[in-house]
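In: Provided below for reference: sequence and predicted model.
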Amino acid sequence: HIMSYDGLLIKLYIFHGFSDVRHSRRYASREVECYHDYLKAFGSMPGVRLPKLYGYFEKPFMGFLFRANGIIEEFIPGTRILGMEELNLIPPLFAHLYRKGIYHPDMQFQNVLWQPDTRTLVPIDYMGCNILPEPNWEALLMQLSWFLKAADVDDAHARPFMEDVLALLPELHLDHEKAWRCIKALYEIPVETHQYHHPIFLPPELRRQ
């Protein structure tokens, strides 16, 4: 749940069943950890702004679990979700994720806001990101696949989006046709979105293409 209150943005995680409660200790504290990694990567990138993080909170349950927890961050006025016709604004974000070795398996279209007055991208979700020892092309393709699938964008817009990202990364020397086939194949493969300590990369059969 995301709420705004008195100039603040509150992201609240509520746990309804046993499967949620088992992981209840990690959500807010893990997002705070990921936020600081994002801040190192994007803190000085032109055209990108991260909301200020003010802290996190927890509601104990049974002494060692948490029924709910969440984070409190800055609400940036004038931000909005991007329209599909504005997809071309996001490729620099993915290029920077790659170069900084950030692998965020749960990159979602609606979690990248846009502030038109300043022409600034505002990423608002950091949960589950991994900082890799070096840039990884597999992580890039997996992020692109999940992002485009979650955005429910058709191939006529998805393929140019991928092309725009790869054009910003000439050092990769990826074959665009093979990269596109890989992204499309990943649409059909379930991917764990919260990968912590042990990031999951491409299945061997896709890596060999």
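Out: Great, that's in hand.

In: what's the neighbour count on the spatially closest residue to Ile131 that is not a sequence neighbour?
Out: Distances taken as CB to CB, 6 or more residues apart in numbering place Asp37 nearest to Ile131, at 5.1 Å, with adjacent residues excluded. Placement of C-beta: from N, CA and C, glycine included. Neighbour count of Asp37, defined by other CB atoms under 10 Å: 17.

In: Tell me which helix or strand Asp37 sits in.
Out: Using DSSP states H and E, the element containing Asp37 is helix 27-42.

In: Next, the buried residues of the helix or strand following that helix.
Out: For helix 27-42, the following helix or strand on the C-terminal side (DSSP H and E) is strand 53-61. By neighbour count on 16 or more other CB atoms under 10 Å, the buried set for strand 53-61 is 53, 56, 58.

In: now, among those, which is nearest to Gly83?
Out: Checking the buried residues of strand 53-61 against Gly83 by CB to CB gives Leu53 as the nearest, at 27.2 Å.

In: what bridges to that closest one?
Out: Counting by DSSP bridges, Leu53 forms beta bridges with Glu73.

In: Correct me if wrong: it contacts Gly43.
Out: No. Using CB atoms under 8 Å, Leu53 is not in contact with Gly43; the gap is 11.9 Å.

In: What strand or helix carries the residue nearest the centre of the chain?
Out: Central residue of the chain (CA atoms, centre = their mean): Met107, 2.8 Å from the mean position. Taking DSSP H and E as the definition, Met107 sits outside all helices and strands.
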